[in-house]
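J.: how would this look folded up:
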Amino acid sequence: MNEYDSNRIIDLVKLIGYEKTNNQIDADCCILNTCHIRSKATEKVYSEIGRIMV
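T.: Below you'll find the predicted structure:
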């Protein structure tokens, strides 16, 4: 939801050896960045957490 913050997170985790992937199977770590102020965004992130955990 916040592209600037997401890009900053990507830059920071690259420093410790992670790289971005669009394939969940290849991922060692998942980071979900959202705006908790907006209730719709909050609902989406909880839904996504449930999907990832399966």
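J.: With adjacent residues omitted, what lies nearest to Asp5?
T.: The shortest distance from Asp5 to any residue other than its chain neighbours is 5.6 Å, reached at Asn33 (Cβ to Cβ, 6 or more residues apart in numbering). C-beta: built from backbone N, CA, C; applies to glycine.
J.: ah, wrong one, I meant Ile52
T.: Closest residue in space to Ile52, ignoring its immediate chain neighbours: Cys30 at 5.5 Å, by Cβ to Cβ, 6+ apart.
J.: okay, now that neighbour: neighbour count?
T.: The number of residues packed near Cys30 is 10, by other Cβ atoms under 10 Å.
J.: same check, this time on Asp11
T.: 9.
J.: Now it: which helix or strand?
T.: Assigned by DSSP states H and E, Asp11 falls within helix 3-14.
J.: Let me see the ranges of the strands in this structure.
T.: Counting by DSSP state E, one finds no strands in the chain.
J.: need the helices for it, in chain order.
T.: Applying DSSP state H to the chain gives helices spanning 3-14, 39-52.
J.: Perfect, that will be all.
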